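*Asks:* Here's a sequence, model it:
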Amino acid sequence: MKNYHDILFPFAYNILGSSEDAKDTIQDILVKYLIIDKEHIKNEIGYLIKSVINQSINVKKKKKAIGTDSIWLPEPLSTENADDNINHNEVLSYSMLTLLEKLTAKERAVFILKVAFDYSHKEIAETIGFTIENSRKLLSRAKIKLNNSKTKNNSIPKNESQKLKQYIEAMQNGNLSALEKLLSKDILLAADGGKNIKVVRELTSGITNTSKLLLYVYKAFLTGLEIKHSIINHQPAILFYQNEVLKNCQIFEIEKNKIVNIYSIVDPNKLKSLSF
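*Replies:* So this is what the prediction gives:
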């Protein structure tokens, strides 16, 4: 059988927000496919895509059912290397994946199929197994919950390298005023440490509170670590390594020359794929 993993991955990852869960889901579907009677299957890849999407919906439902009150951020995925086999154009931006956590599993799947893969409502209905009207209603609900947020992957700001350089310099120098100038007045900092690492604060907003927390975290935990700039889920990011092990991934959303969102992932299980 052909290796369909790279084709199937964006579908599973966008729905689940986890590279690890996406790989497990695809593996499960491919193993099952090997042992079933394929006589009735006319379109192999179509069948596998449908199976992976529906399995991903089920997995996402279970994950949400056992979720906690803690902040949960998606697993970061490098989209820096254009020669990667996976079609990164089909992988949603980090900000969008975070927003999609507001949706139910089915709303999320419908939204993703419509926006990222340009499916018609007829194709969505046939894939997930409900009516065209249901597909339209779910998309409408999703858009309302997302408050008509941007749905396409944002282009990287032209001056992002300079902006992040100033950000690092401000933290290294402990310069509160310089850091505050880089942030939007509506800045939001979200941190995810997973089950094993307790973050100082999961959610912080406002220029002063965010700047003070960033400086404290840098001084207490990040001083002396190797710093690498990267592109994660189509957004500028800074990676902090200690002995080639990634300790912190900070992903930035920049609008109108200001940092409006910072997503800080320190959960080691979500950082494994980005380590050297």
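*Asks:* Under the pLDDT cut-off, which ranges of the stretch 51-200 of the chain? List them.
*Replies:* 67-69, 82-86, 148-158 (pLDDT under 70).
*Asks:* you'd agree Q250 is up against Q235?
*Replies:* No - the criterion here is CB atoms under 8 Å, and Q250 misses it with Q235 at 10.4 Å. Every C-beta, even on glycine, is put in place using the N, C-alpha and C of the backbone.
*Asks:* Contact partners for A12?
*Replies:* 21-23, 25-26, 52-53, 55-56 (CB atoms under 8 Å, 6 or more residues apart in numbering).
*Asks:* Just say helix, strand or coil for it.
*Replies:* With DSSP: H, G, I helix; E, B strand; the rest coil as the basis, A12 sits in helix.
*Asks:* What sits closest to it if chain neighbours are left out?
*Replies:* The shortest distance from A12 to any non-neighbouring residue, by CB to CB, 6 or more residues apart in numbering, is to A22 (3.7 Å).
*Asks:* check which helix or strand covers the one you found.
*Replies:* helix 19-35 (DSSP states H and E).
*Asks:* So what touches that helix?
*Replies:* Helix 19-35 has contacts (CB under 8 Å, 6+ apart) with 1, 4-5, 8-9, 12-13, 16, 47-48, 51-52, 55-56, 59, 63, 75, 77, 269, 273.
*Asks:* Flag every buried residue along that helix.
*Replies:* Neighbour-count burial for helix 19-35, counted by 16 or more other CB atoms under 10 Å, picks out 19, 21-23, 25-26, 29-30, 33.
*Asks:* which one of those is nearest L164?
*Replies:* Nearest to L164, judged by CB to CB, of the buried residues of helix 19-35 is S19 at 23.6 Å.
*Asks:* ok, the closest residue to that closest one other than its chain neighbours - how many residues close by?
*Replies:* Nearest non-adjacent residue to S19, counting by CB to CB, 6+ apart: E75, 4.9 Å away. When neighbours are counted by other CB atoms under 10 Å, E75 registers 24.
*Asks:* For E75, what is the enclosing helix or strand?
*Replies:* Here E75 is assigned to no helix or strand, by DSSP H and E.
*Asks:* ok, it - contacts?
*Replies:* Contacts for E75 (CB under 8 Å, 6+ apart) come out as 17-20, 265, 270, 273.
*Asks:* if we can go back for a sec, make CSV out of the buried residues of helix 19-35 and add distance to K114.
*Replies:* Converted to CSV, the buried residues of helix 19-35 look like this (distance: CB to CB, whole Å):
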residue, distance to K114
S19, 23
D21, 22
A22, 19
K23, 24
T25, 21
I26, 22
I29, 22
L30, 26
Y33, 26
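*Asks:* Assumed F117 was part of a helix.
*Replies:* No - counting by three-state DSSP, F117 falls outside a helix, being coil.
*Asks:* Tell me which residues touch the nearest residue to it once chain neighbours are set aside, please.
*Replies:* In space, and not counting its chain neighbours, F117 is closest to E90: 6.6 Å by CB to CB, 6+ apart. Going by CB under 8 Å, 6+ apart, E90 touches 10, 14, 116-117.
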